[in-house]
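Trainee: Build me a model:
(chains A, B, C and D)
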There are 2 protein chains.
Amino acid sequence: MKRPTIHDVAAVAGISRGTVSRVLNGDRYVSPAARIAIERAIAETGYVVNRNARNLVRQRAGSVVMVRSEPHFEDPNYSTTIRTSIRLLGERDLSLVMMIASDDGEREQVLRYVRGGHADGVLLLSTHAGDPLVDTLHGAGIPVVSCGAVIGRETVIPYAACDERGGARQMAEYLVSLGRKKIAMITGPMDTPGGIQRLEGFADVLGRKASKKLIEHGDWTHASGETAMVRLLERVPDLDAVFAASDVMASGALHTLRAAGRRVPEDVAVGGFDDSSVAISTHPPLTTVRQPLGDVARETVRLLLALIDGAERVDSIALPTSLIVRDSA
Amino acid sequence: MKRPTIHDVAAVAGISRGTVSRVLNGDRYVSPAARIAIERAIAETGYVVNRNARNLVRQRAGSVVMVRSEPHFEDPNYSTTIRTSIRLLGERDLSLVMMIASDDGEREQVLRYVRGGHADGVLLLSTHAGDPLVDTLHGAGIPVVSCGAVIGRETVIPYAACDERGGARQMAEYLVSLGRKKIAMITGPMDTPGGIQRLEGFADVLGRKASKKLIEHGDWTHASGETAMVRLLERVPDLDAVFAASDVMASGALHTLRAAGRRVPEDVAVGGFDDSSVAISTHPPLTTVRQPLGDVARETVRLLLALIDGAERVDSIALPTSLIVRDSA
DNA sequence: GGGGAGTCTGTGAACGTTCACAGCGTGTGT
DNA sequence: ACACACGCTGTGAACGTTCACAGACTCCCC
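Mentor: Purely as a prediction, here's the structure:
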């Protein structure tokens, strides 16, 4: 009933365990005869390497920990990110361990885990500016990368992200091209890259016209989109377009606009960001900016693997977004 | 630069490693003096136990693998489920490894992982009826539980779930209480518990009136909700209510109804299921059935831990849902 | 025929734990 | 005074690998 070990394989194949280990690890210097005998023995016994033993002697952990700084991840983005990461890490026999670090206790737990050598690398997800975990993790001397930039630590934590600023520019330019004159924006939290850079892209296009009056800040939630829209309408009743930094907030804005009797897109054009599942469930369906999530995840993992393999430093990367035109603008 | 080991702690405390191990594992039979000396040494050296070594000698894996059978998990439910699982498993020093098994290659990978003893237990997520992985995993002699029932294997795979049938009954009864006479239903796929049991609950209330004509099957997607609604309107133009087995499908139905010129809820009342983020982004916001996701996840993990601890068998459990009334019905 | 170089194999030690066992005091009951 | 239980401690072996090393064999060249 016991699981077969490398000794069992060696015995069945009639060869020493050293050679079995060489076959397992793809070493050259193994005779063809030995190799096939061992492969047959492996198949026969159903042998699978014991990772604990391997990692113990190799002084590795055998896993990468994905750390999420926020408790919720309604964000459909995570589905793709997680899936892609699992795939790519799996190819290298690394397993993906999930952790959440939204309060001090959880941060302490993550730190202990990493400090204890239980992970070969850390993959940060949507970390806010000033998160104390970032510096401590980086100080732990373990490879750390982020999916999406970490504001204030762009130079110390390598990252892959979509071109937030460029994406916002695409949307702003599109709204302008529709002939809209008074274009407002509902931003994300200003301690996140999506919050900051999407506003920058917007300002790039609108220039002076991106006045304070036309800017409201939200926190990514539906409710914040609703209230931001209320304030914008109070200040600028005749606005004719609004760009929300996320689809969820755009959906909140849509509610407010309807309640205020504005027609979308006739009176007010509405743009979102993310192309999440919400984008097609609103009325009207949202014109939005799509992030290349799969590519972003792939690049993030690639950066991490490079660091784990000993690269001194790696270059962050931003991937292009695309404008998805539906009915809201 | 090397990580401190149990030997270092023992040396610093001036006590043998055996006693250090006993302190680490909360053994009785340790003198107070030794205990405080060791605790001080642990703090001083920053020692953290090496899981590979521990698990190697204990013949355990130290992790639980969560297996998702579908590539996508837009479903906001997973956020809560993952979070709760991480929390509860963390308390027992078990880490959560994520895997996806949507094709044969991935299933093989999961099987190898589990067969190789890399996991102490398996937590199935939204597995479809007839999934070949279920029986092989169960046959591997490792604790397996599911979050949500596995159709056709209810007696062999213990599970925690919400009371799908009861939840559907709540919605059906509510629609009846509004005075609706011709109530249609858009179900989920009939190889999932949500597909089957929500229909059963609906039929419980509607009885003979739940005729074939008033039932359409969807696949949880927005698009399937749209087309199902089209067919229902063709067959029964004067229907006055529709219950979709998920919010996302309900949102699709809403689009079709609007396109057909029906007012919601005046002409047609619409009910959803899940209370997902979509529910508040539709127009009008959805009346829906909320699942106690946190509780379901907690119970699922509890079942798994009981099995890992050696329980012979555990009892599956269904938790009550609640009706959330908004504007669509 | 002697000396490398190149290919292949087996062996011992090590990785950092836990666990069973043996041993040592000290107190308690006969 | 002796036996015995109890509380506590140290030690050796084991868990299943990998890795460095040493050795054997073959081939080729001088």
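Trainee: Surely residue A:7 touches residue A:16?
Mentor: No - between residue A:7 and residue A:16 there is no contact under CB atoms under 8 Å: 9.6 Å. Where you see a C-beta, it was placed from the backbone N, CA and C, and this is true even at glycine.
Trainee: who's more crowded, these two?
Mentor: Neighbours per residue, other CB atoms under 10 Å in any protein chain shown: of residue A:7 and residue A:16, the larger number sits with residue A:16, 14 against 11.
Trainee: measure the more buried one to DNA strand D for me?
Mentor: Separation of residue A:16 from DNA strand D (CB to the nearest atom of the strand, to the nearest Å): 9 Å.
Trainee: residue contacts, the residue nearest to that residue when sequence neighbours are not counted?
Mentor: Computed as CB to CB, 6 or more residues apart in numbering or on different chains, the closest residue to residue A:16 that is not its neighbour in sequence is residue A:10, at 5.8 Å. Counting by CB atoms under 8 Å, 6 or more residues apart in numbering or on different chains, residue A:10 touches A:16-17, A:19-20, A:41.
Trainee: for residue A:107, same thing?
Mentor: A:101, A:132-133.
Trainee: secondary structure class for it?
Mentor: helix (DSSP: H, G, I helix; E, B strand; the rest coil).
Trainee: can you tell me how far it sits from DNA strand C?
Mentor: 22 Å.
Trainee: How about the stretch 51-200 of chain A: which residue is closest to DNA strand C?
Mentor: residue A:57 (3.3 Å; CB to the nearest atom of the strand).
Trainee: Quick check: pLDDT value at the residue in the stretch 101-250 of chain A that DNA strand D sits nearest to.
Mentor: Closest approach between the stretch 101-250 of chain A and DNA strand D, counting by CB to the nearest atom of the strand: residue A:120, at 13.9 Å. Residue A:120 carries a pLDDT score of 93 in this model.
Trainee: Who's the closest spatial neighbour of it, skipping the chain neighbours?
Mentor: residue A:61 (4.8 Å).
Trainee: same thing with residue A:235?
Mentor: Nearest residue to residue A:235 in three dimensions, chain neighbours excluded: residue A:213, at 5.3 Å (CB to CB, 6+ apart).
Trainee: quick one, phi psi at the residue nearest in space to the middle of chain A?
Mentor: Centroid-nearest residue in chain A, with CA atoms, centre = their mean: residue A:147, separated by 4.0 Å. For residue A:147, the backbone dihedrals are phi -90, psi 100 (criterion: degrees, to the nearest 10).
Trainee: residues contacting it?
Mentor: A:81, A:123-126, A:159-161, A:296-297, A:300.
Trainee: Residue A:40 too?
Mentor: Here residue A:40 is in contact with residue A:13 (CB under 8 Å, 6+ apart).
Trainee: Look up phi and psi at it.
Mentor: The phi/psi pair for residue A:40 (degrees, to the nearest 10) is phi -60, psi -40.
Trainee: Give me the contacts around stretch A:316-327.
Mentor: A:149, A:154, A:158-164, A:166-167, A:170-171, A:174, A:265, A:275, A:279-280, A:284-292, A:295-296, A:299, A:303.
Trainee: And the pLDDT for residue A:72?
Mentor: For residue A:72, pLDDT reads 59.
Trainee: err, residue A:127, not the other one
Mentor: So, for residue A:127, pLDDT stands at 87.
Trainee: Tell me who's in contact with it.
Mentor: So residue A:127 contacts A:67, A:69, A:133-134, A:146, A:148, A:150 (CB under 8 Å, 6+ apart).
Trainee: Out of the residues you listed, which sit inside helices?
Mentor: Members of the contacts of residue A:127 lying in helices (criterion: DSSP state H): A:133-134.
Trainee: Check the contacts of residue A:127 one by one and keep those near chain B.
Mentor: For chain B, no contacts are drawn from these by CB under 8 Å from any CB of the partner chain.
Trainee: okay, the contacts of residue A:127 in JSON lines with neighbour count and pLDDT next?
Mentor: JSON lines is the format used below for these (neighbours: other CB atoms under 10 Å in any protein chain shown; pLDDT from 0 to 100):
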{"residue": "A:67", "neighbour count": "27", "pLDDT": "92"}
{"residue": "A:69", "neighbour count": "19", "pLDDT": "83"}
{"residue": "A:133", "neighbour count": "22", "pLDDT": "92"}
{"residue": "A:134", "neighbour count": "24", "pLDDT": "93"}
{"residue": "A:146", "neighbour count": "26", "pLDDT": "95"}
{"residue": "A:148", "neighbour count": "23", "pLDDT": "92"}
{"residue": "A:150", "neighbour count": "26", "pLDDT": "93"}
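Trainee: Spatially nearest residue to the residue nearest to the centre of chain A (excluding sequence neighbours)?
Mentor: residue A:300 (4.4 Å).
Trainee: what number of residues lie near the one you found?
Mentor: 28.
Trainee: repeat for residue A:165
Mentor: For residue A:165, using other CB under 10 Å, the count is 20.
Trainee: circling back to that earlier point, tell me the pLDDT of the residue nearest to the centre of chain A.
Mentor: 93.
Trainee: any idea how far it is from residue A:166?
Mentor: 18 Å (CB to CB, to the nearest Å).
Trainee: The residue nearest to residue A:120 reaches residue A:51, doesn't it?
Mentor: No - assessed by CB under 8 Å, residue A:61 is found out of contact with residue A:51, at 9.8 Å.
Trainee: Mutual contacts of the two, please.
Mentor: Contacts common to residue A:61 and residue A:51, judged by CB under 8 Å, 6+ apart, are residue B:52.
Trainee: which stretches of chain A form strands?
Mentor: Assigned strands in chain A, in chain order: A:63-68, A:95-100, A:121-125, A:144-147, A:159-162, A:183-187, A:215-217, A:241-244, A:269-271, A:288-290, A:317-319, A:322-324 (criterion: DSSP state E).
Trainee: Out of those strands, which one sits most buried?
Mentor: Between the strands of chain A, strand A:241-244 has the highest mean count of neighbours, a mean of 32, where neighbours are mean count of other CB atoms under 10 Å in any protein chain shown.
Trainee: So which residues make contact with it?
Mentor: A:168, A:171-172, A:175, A:178, A:180, A:182-186, A:202, A:218, A:225, A:228-229, A:232, A:250, A:252-253, A:257, A:268-273, A:329.
Trainee: In ChimeraX, select just the buried ones from the residues you listed.
Mentor: Typed into ChimeraX, the next command selects the buried ones out of those (criterion: 16 or more other CB atoms under 10 Å in any protein chain shown):
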select /A:168,171,172,175,180,182,183,184,185,186,202,218,225,228,229,232,250,252,253,257,268,269,270,271,272,273,329
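Trainee: What about the contacts of strand A:241-244, which are in helices?
Mentor: Using DSSP H, the contacts of strand A:241-244 in helices are A:168, A:171-172, A:175, A:202, A:225, A:228-229, A:232, A:250, A:252-253, A:257.
Trainee: what's the closest of those residues to residue B:46?
Mentor: Minimum distance to residue B:46 across the ones in helices among the contacts of strand A:241-244 is 44.4 Å, recorded for residue A:168 (CB to CB).
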